[in-house]
Structures are given as structure tokens and as C-alpha cells.
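Asker: sequence and predicted structure are below.
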Amino acid sequence: QVQPVESGGGSVQAGGSLRLSCVASGRTFSMSVMGWFRQAPGEEREFVAGIDQSGDSTSHTASVKGRFTISRDNAKNTVYLQMNSLRPEDTAVYYCAGKPPFFPMSETGYLYWGQGTQVTVSS
């Protein structure tokens, strides 16, 4: 299993950028689909982006396409979320999550979760 730990959150003005990082301990990182989720106050947690084991296949929810990019470095057991052109509606706690080894790409089935990192975008 993987144990994710997020970093890189903070406060930015609208139009700015942030890069979130997630270091995942465990020997199965390179065999695990990884993803980013977010939860705004009073809202349900939502899928933001996912990446397959090799990094060749990614998925981004419609509201972030063209602005956010998920990537991974298996040599560093790290997955990233580059966030550009941030908007106030992107304000949320962002969570990194992982699936068990060899599970396929999808928006569900994530079992291993980090503690989250706060992203605040002001207008």
C-alpha cells in the first residue's frame, strides 16, 4: 500500500499558480494509480485528476482541464498537481490518494488518503 503526504498548498490571488506535491511511502507506488481530490467547505469531495501507473494516461475533471496538470515521478515516489490560472472557486482542501496495486484508472476505488493541504484563491 501507499501512504500519501501532501505539500505545496497556500494562498494565492486569482490567476496565480501553485504546484502540489504528494510523496507516497511504500514499495508499490509505481504499481498504483494515483489521484487528486478536493473538498470545498460545505461541499462533497470531488475528483480532480488521476494518473496511471506509468504516467502515460491522465484524466482531469472538466472544470480544471487546460488549467491543472497531474504528473508523477516514480523514481521519487511523487505525484504532482500543477495548478495554473487559479480561480476563487478552486479554493478547497486538496487530497492525494492512491489505489491498490494494478487497479485500473477510474474516479473511484481510492483506498489510501493523505491528510490534505489547503489551497485558498482570493479574487
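Answerer: The structure has been received and is ready for your questions.
Asker: which residues touch the residue most central in space within the chain?
Answerer: Centroid check for the chain by CA atoms, centre = their mean gives Trp36 as the closest residue, at 2.3 Å. Shown in contact with Trp36 (CB atoms under 8 Å, 6 or more residues apart in numbering): Leu20, Cys22, Val48, Ala49, Gly50, Ile70, Val79, Leu81, Tyr94, Tyr95, Cys96, Ala97. Quick note: C-beta positions are derived from backbone N, CA and C, even for glycine.
Asker: now do the SS call for it.
Answerer: strand (DSSP: H, G, I helix; E, B strand; the rest coil).
Asker: how near is it to Val121?
Answerer: Distance of Trp36 to Val121, computed by CB to CB, to the nearest Å: 16 Å.
Asker: then Thr58?
Answerer: Applying CB to CB, the value for Thr58 to Val121 is 23 Å.
Asker: these two - which one has more neighbours?
Answerer: Val121 (20 against 15; other CB atoms under 10 Å).
Asker: identify the spatial nearest neighbour of the more buried one, chain neighbours not counted.
Answerer: Leaving aside its sequence neighbours, Val121 sits nearest to Leu86 (CB to CB, 6 or more residues apart in numbering; 4.5 Å).
Asker: how far away is the residue lying closest to Gln118 once chain neighbours are set aside from Thr91?
Answerer: Closest residue in space to Gln118, ignoring its immediate chain neighbours: Gly9 at 4.9 Å, by CB to CB, 6+ apart. Plainly put, Gly9 is 11 Å away from Thr91 if you go by CB to CB.
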